[in-house]
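Engineer: Just to be clear, the model below is a prediction. Sequence and coordinates:
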Amino acid sequence: MKLHLSWVSAAFLTVFSASVALAAPGAVHCGELLDVRSGRMMSDQVVMFDARGIITSVAAFSSTTLPAGSSTVDLSGATCLPGLIDVHTHLTHDPEYSGYKNLGVSVPRSTVTGVKNARLTLLAGFTTVRNVGAKGYSDVAVRDGINAGEIPGPRMLVSGPPLGITGGHCDDNLLAYEYHHTAEGVADGPWAAREKVRETVKYGADVIKVCASGGVLSKGDLPNAPQYSLEEMQAIVTEAHKLGRKVAAHAHGTQSIKDAIRAGIDSIEHASLIDDEGIALAKQHGTFLVFDIYNDDYILSMGEKVGMLPESIEKEKTIGRMQRENFRKAFQAGAKLAFGTDSGVYPHGENARQFAKMVEWGMKPVDAIQAATINAAELLGWSGKVGELSEGHFADLIAVDGDPLSDIKTLENVRFVMKGGTVVKNELK
Ligand SMILES: [Zn+2]
């Protein structure tokens, strides 16, 4: 195998071999450790984990006896946090594939892009992602490659192709009629939509993504216009929940957000034009809101250069600022918020840039960190597995220099990453 890997960079090999190495029990000694649930910083802690990469204890260094033969990572000069979670990624898409250029990208090529971006995302400190929308089942392939230990990457929940109406945000509206091209997730009417849920589950989806309203990076649709009807979304939710899958709805529009919540959808993505009634409904139903409030900066500064349609940039101008204002409103009203960035719209690996935006628009750093840890884990249905450094959770741990509670931007420079007890990055040696 080594013979064939001569072209791979040394950095990649380090990650690759680490990720496939058999796990061994071990420990991490943290100078500071953030208990994300209480928001308290704890000094001089040791995180111990077993050979399965699961945390067995977190305790003060002074009261810990390190088991003989276990290897301890010394992070006594750094601050440890649980691995971060981004609940809205598109690992198999890059911004350079925007607009018409996307038509020339095959599903196999998208998969290769996903392999590249899975690694970048993991090295940025995101040890879990929910990938909501991919060409074909490229995201299923990336997830399965990671789980098999063949490529480095975060734990992934994936949706496969997103469900949407004919001519909607999740159709592909770039080609003229005579090409007879329809995106693979298009299904109109309650029963066709139910069948599409069954199909995506058949081919590996962990979660169902639907497009409830129009969007920004699509042709000929309006972000505030409803697409799926309440009746169609009720059918999708009933079918998905029956099959043990949650549903995430892309919804910018005021009415679509309310319809999606009333239909029982588990998370509203973007939520740009949510009103007071929508916020109250989300609270009442326990629906998570996922405001991707960083990428507006990227779309407005780089969109034209990477080939986004002029109409997309115009649409972003009309809703970008309102989305940020509504994020602040929803947070102040006490709605449940999870951290999701829409990576792929902007370059992968820069996910943590959204934290500073969340703080700029009303959160304390600890709130933003909770959105990307315990709240995100709850949305994924993975509480008890990820998002916390405590007994029974995966030993997914990151470290930064300095104190993220006083400077949230430290999370943009993650120096150490461990996934399931295996070190995948260590700049603190
Ligand atoms: Zn998206």
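Structural biologist: On my side now, so go ahead.
Engineer: what about Ala371, distance to Val73?
Structural biologist: 27 Å (C-beta to C-beta, to the nearest Å). Quick note: C-beta positions are derived from backbone N, CA and C, even for glycine.
Engineer: ugh, typo on my part, it should be Ile265
Structural biologist: 41 Å.
Engineer: So these two - more neighbours on which side?
Structural biologist: The neighbour count for Ile265 versus Val73, taken as other C-beta atoms under 10 Å, is higher for Ile265 (28 against 20).
Engineer: so Ser98 sits right up against Gly307, yeah?
Structural biologist: Yes. Taking contacts as C-beta atoms under 8 Å, Ser98 lies within contact range of Gly307: 4.4 Å.
Engineer: out of these two, which sits in the busier spot?
Structural biologist: Between Ser98 and Gly307, counted using other C-beta under 10 Å, the more crowded position is Ser98 (22 against 15).
Engineer: Quick one: the strands in the stretch 51-200 of the chain, in order.
Structural biologist: 55-60, 71-82, 84-89, 126-131, 155-158 (DSSP state E, counting those that start in this stretch).
Engineer: ok, residues contacting the longest one?
Structural biologist: With C-beta atoms under 8 Å, 6 or more residues apart in numbering as the contact definition, strand 71-82 has outside contacts at 24, 26-34, 36, 41, 44-47, 66, 369, 373, 386-389, 393, 396-404, 410, 415-416, 418, 423, 426, 428.
Engineer: do the fourth one as well
Structural biologist: For strand 126-131, the external contacting residues (C-beta under 8 Å, 6+ apart) are 83-92, 121, 139, 142-143, 154-159, 207, 248, 340, 351-352, 376-377, 379-380, 382, 386-387, 394, 396, 398, 417, 419.
Engineer: sorry, back to before: just the buried ones from the contacts of strand 71-82?
Structural biologist: Buried subset of these (neighbour count, 16 or more other C-beta atoms under 10 Å): 26-34, 36, 41, 45-47, 369, 373, 386-389, 393, 396-401, 404, 410, 415-416, 418, 423.
Engineer: would you put the C-alpha positions of stretch 363-376 in CSV?
Structural biologist: Taking C-alpha atoms only, stretch 363-376 is exported to CSV below (Å, rounded to 0.1, in the frame of the first residue of the first chain):
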residue,chain,number,x,y,z
MET,A,363,-24.6,35.8,22.2
LYS,A,364,-22.0,35.4,24.9
PRO,A,365,-19.1,33.2,23.9
VAL,A,366,-20.4,30.4,26.1
ASP,A,367,-23.8,30.5,24.3
ALA,A,368,-22.1,30.2,20.9
ILE,A,369,-20.0,27.2,22.1
GLN,A,370,-23.1,25.5,23.6
ALA,A,371,-24.8,25.9,20.2
ALA,A,372,-21.9,24.0,18.6
THR,A,373,-21.7,21.3,21.3
ILE,A,374,-24.6,20.2,23.6
ASN,A,375,-27.3,21.9,21.6
ALA,A,376,-26.0,20.5,18.3
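Engineer: ok, Ala372 - how many residues close by?
Structural biologist: 32.
Engineer: correct me, but it touches Leu337?
Structural biologist: No. Ala372 lies out of contact with Leu337 (C-beta under 8 Å); the separation is 10.0 Å.
Engineer: Roughly how far does the residue in the chain sticking out farthest from the centre sit from Ala27?
Structural biologist: When distances are taken from the C-alpha mean of the chain, Ala68 lies farthest, 37.8 Å away, according to C-alpha atoms, centre = their mean. The gap separating Ala68 from Ala27 is 12 Å, by C-beta to C-beta.
Engineer: what pLDDT does Ala11 get?
Structural biologist: Note for Ala11: predicted pLDDT of 36.
Engineer: can you check Leu3 too?
Structural biologist: Note for Leu3: predicted pLDDT of 35.
Engineer: how much space is there between Gly99 and Ser312?
Structural biologist: 8 Å.
Engineer: what about the helices in the chain?
Structural biologist: 10-20, 107-123, 138-147, 190-202, 230-242, 254-263, 276-285, 295-302, 310-333, 353-360, 365-371, 374-380 (DSSP state H).
Engineer: can you state the direction angle for the third one and helix 107-123?
Structural biologist: If I follow you right, that is helix 138-147. Calculated by axes from the mean of the first three to the mean of the last three C-alpha atoms, to 10 degrees, helix 138-147 forms an angle of 50 degrees with helix 107-123.
Engineer: Which neighbouring elements make contact with helix 138-147?
Structural biologist: Counting contacts by 3 or more C-beta pairs under 8 Å, 6 or more residues apart in numbering; DSSP states H and E, helix 138-147 packs against helix 107-123, strand 126-131, strand 155-158.
Engineer: Looks like Leu175 contacts Thr182 (just checking).
Structural biologist: No. Under the criterion of C-beta under 8 Å, Leu175 makes no contact with Thr182, lying 9.8 Å away.
Engineer: Now do the same for Pro67: its pLDDT.
Structural biologist: With respect to pLDDT, Pro67 has a value of 72.
Engineer: any idea how far the closest residue in space to it that isn't next to it in sequence is from Gly53?
Structural biologist: Of all residues not flanking Pro67 in the chain, Pro25 sits nearest, at 6.8 Å (C-beta to C-beta, 6 or more residues apart in numbering). Distance of Pro25 to Gly53, given as C-beta to C-beta: 9 Å.
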